[in-house]
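Participant: Sharing a model prediction with you, sequence too.
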Amino acid sequence: MVHQMMPTNSSPANNASRSNRSMGSVLWVGVAIVGSMWLAGCATRQVPLSPAAPVPKAIPAAVPVAETAPPVPLPAVLPLAPSITRGASRWVPAAWSELPGWSADSVGSAWGAWMASCQRAVAPWAGVCADARGLAAGSDADKRAWMQRRLQPYRVESLQGDALGLLTAYFEPVFEASRTRSADYPVPLYQPPAKLAKGQVWYSRKEIDTLPQAQAALQGRVIAYMADPLDAMALHIQGSGRMEVRQPDGSVRQSRLAYAANNGHPYQSVGTWLIEQGLSKDTSWPGIKAWAARNPNRVNELLWRNPRVVFFQEEALTSDDAGPRGAQGVPLTAGRSIAVDPNSIPYGTPVWISSSGAQTSMQKLVVAQDTGSAITGAVRADYFVGAGSGAGELAGRLKQPLQMWVLWPQ
């Protein structure tokens, strides 16, 4: 589910720089991964020289000398693998003991999310994933011991050596919508226009709202109508979401809007615009909506500051617990899926994260399964917290320091 970043607190919101991908998303208002949905290969490593064997001390004459010299003992700490440079990040080998809280997390709770990624496994993961599937019914202790045998932790840092980054969160919003347009539901949500080419720069948000030729190109492409244009923009920012759709016969059915395409324009933060114009210091999503309520005549001006428009496809909900599909193409798991910059961390990679802040503290196993236009750089993750208003409230507040370790096949 490719998403942009929504403002997360009262500080100025950063402009997002990534493009919407494929992701499902009530407000989280809270990384483009390689163009492929397959795991990227590891950088070429240099084989380290073996440590020189220690020179044995002279043996006292009184001690009989064995006919065969004893083997040289292994060092107390085995040499670690070499560092790996990947995109804007450097992976520095680490010992398992360096992972904060490693022995305390229920790693089995992330196994389902990882096995979903393993359905799309490529080298070097195919063999590892095949073995991991056999541990589905194993205990946490069994899974943890197996990971320690088969995987090597690498601390993720920038090329400048900075290992401290940023954790934010996102969610899947749930909105009311209608199949028919009315005064209560005037805001359309569109499928991609019929002749839209991948990567094509199409009409901007303002042009879609005002130009007859843009509206003609979208004739018959409406999926549903929403009540609030700001909620519709939030859905565009999240990249996907759930709808409770009122049908023409009056019944209500829940479905999912999944990311399908975008109009090729860069995402621009409306919160940043409010700050730059001196119009508001509160750029949280509730703060933005409050400003819009006080200034109804300037709502379009606000909306048009973000020229990016997302087009959707409607999907049936097969399970209340099934999350939207992330950029890897597998359903996201609340609390165990993260969006990353795929140039730094390939999709499907297990990642250990450690983060403490005013909203929450976590030391846990997650899986890189998604990306977003604002999720760029080495130590950067967007944490999927689930669906609904409660998840949206947490996503809107979460913004805190982050450390990351990728767990890569030995």
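Facilitator: On my side now, so go ahead. Residues are numbered from 1 along each chain as shown.
Participant: if I pick the residue nearest the centre of the chain, what's in contact with it?
Facilitator: Using Cα atoms, centre = their mean, the residue of the chain that lies closest to the mean C-alpha position is residue 339, 1.0 Å off. Neighbouring residues of residue 339 by Cβ atoms under 8 Å, 6 or more residues apart in numbering: 3, 23, 31, 170, 326-327, 368-372, 375, 381-382, 384. From N, CA and C alone the C-beta is placed, and that goes for glycine too.
Participant: Residue 243 too?
Facilitator: Counting by Cβ under 8 Å, 6+ apart, residue 243 has contacts 174, 175, 176, 177, 224, 254, 255, 256, 257.
Participant: where do the strands sit along the stretch 301-410 of the chain?
Facilitator: Ranges of strands in the stretch 301-410 of the chain, per DSSP state E, counting those that start in this stretch, are 310-316, 337-339, 350-356, 361-370, 380-387, 399-409.
Participant: Export these to JSON lines and append columns for mean pLDDT and distance to residue 233.
Facilitator: As requested, those are arranged in JSON lines below (pLDDT from 0 to 100; distance: least, Cβ to Cβ, whole Å):
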{"stretch": "strand 310-316", "mean pLDDT": "93", "distance to residue 233": "9"}
{"stretch": "strand 337-339", "mean pLDDT": "98", "distance to residue 233": "19"}
{"stretch": "strand 350-356", "mean pLDDT": "98", "distance to residue 233": "28"}
{"stretch": "strand 361-370", "mean pLDDT": "98", "distance to residue 233": "20"}
{"stretch": "strand 380-387", "mean pLDDT": "96", "distance to residue 233": "18"}
{"stretch": "strand 399-409", "mean pLDDT": "98", "distance to residue 233": "20"}
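Participant: The contacts of residue 243, buried ones only, as a ChimeraX selection?
Facilitator: Applying 16 or more other Cβ atoms under 10 Å to these, the buried members can be selected in ChimeraX as follows:
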select :174,175,176,177,224,255,256,257
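Participant: Quick check: the farthest pair among the contacts of residue 243?
Facilitator: 176 and 256 (14.3 Å; Cβ to Cβ).
Participant: who's residue 367 bridged to?
Facilitator: residue 337, residue 350 (DSSP bridges).
Participant: From here on, call the first residue 45.
Facilitator: New numbering, starting at 45: the last item is residue 411.
Participant: you'd agree it is up against residue 395?
Facilitator: Yes. Using Cβ atoms under 8 Å, residue 411 makes contact with residue 395 at a distance of 6.9 Å.
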